[in-house]
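Undergrad: Kindly return the folded structure for what I paste below:
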Amino acid sequence: MDLKELKDKIIAELKVSKEKAEQLLTTYKEEAEKELLKIKQKLKEQDLPKAEELLTTLKEKSKELKLDEVEQKIANFVHKLQLKTLSKEEIDQKLMELEKKIKSLWEKK
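TA: Numbers count the residues shown, from 1 in each chain. Just a heads-up that it's a prediction; the model follows:
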């Protein structure tokens, strides 16, 4: 889904103006970048409960904007963290995939 499709989806599903959709997406992007930095730091510190909490917050923000693929990716990541079956390398890989997915929302298709 490209940025235009995403804006159109937000306008249709949340019943907001184009300007409001753009504002919501800009705010989401800024907050997601900050949250990802915090999540990365908590994972580095091996503070998994706080990382899960931050991921869950980001998942909820994604859900509010109907970013279904991002929401699913985060939900899967949190579930695997809770199972405690991921190695450090796998955690790093999952986080990298999540960052890439979020950044891809703003890339030109």
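Undergrad: What ranges does the protein have for its strands?
TA: Read by DSSP state E, the chain holds no strands at all.
Undergrad: now the helices: where do they sit in it?
TA: 3-14, 18-44, 48-64, 68-83, 88-104 (DSSP state H).
Undergrad: Mean neighbour count and mean pLDDT added to the ones you listed, as CSV?
TA: (Each C-beta comes from the backbone N, C-alpha and C, glycine too.) Shown next, in CSV, are the helices of the chain (neighbours: other CB atoms under 10 Å; pLDDT from 0 to 100):
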stretch, mean neighbour count, mean pLDDT
helix 3-14, 14, 91
helix 18-44, 15, 95
helix 48-64, 17, 95
helix 68-83, 16, 94
helix 88-104, 14, 93
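Undergrad: Put the alpha carbons of stretch 13-30 into PDB.
TA: In PDB, the C-alpha atoms belonging to stretch 13-30 read as follows (Å, rounded to 0.1, in the frame of the first residue of the first chain):
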ATOM      1  CA  GLU A  13     -12.500   4.400   7.300                       C
ATOM      2  CA  LEU A  14     -12.000   7.100   9.900                       C
ATOM      3  CA  LYS A  15     -14.200   9.600   8.000                       C
ATOM      4  CA  VAL A  16     -11.700  12.400   8.300                       C
ATOM      5  CA  SER A  17     -10.600  15.200   5.900                       C
ATOM      6  CA  LYS A  18      -7.500  14.800   3.700                       C
ATOM      7  CA  GLU A  19      -5.700  17.400   5.900                       C
ATOM      8  CA  LYS A  20      -6.600  15.400   9.100                       C
ATOM      9  CA  ALA A  21      -5.400  12.200   7.500                       C
ATOM     10  CA  GLU A  22      -2.100  13.800   6.600                       C
ATOM     11  CA  GLN A  23      -1.800  15.200  10.100                       C
ATOM     12  CA  LEU A  24      -2.500  11.700  11.600                       C
ATOM     13  CA  LEU A  25       0.100  10.100   9.400                       C
ATOM     14  CA  THR A  26       2.700  12.800  10.100                       C
ATOM     15  CA  THR A  27       2.100  12.400  13.900                       C
ATOM     16  CA  TYR A  28       2.200   8.600  13.600                       C
ATOM     17  CA  LYS A  29       5.500   8.700  11.700                       C
ATOM     18  CA  GLU A  30       7.100  11.000  14.300                       C
END
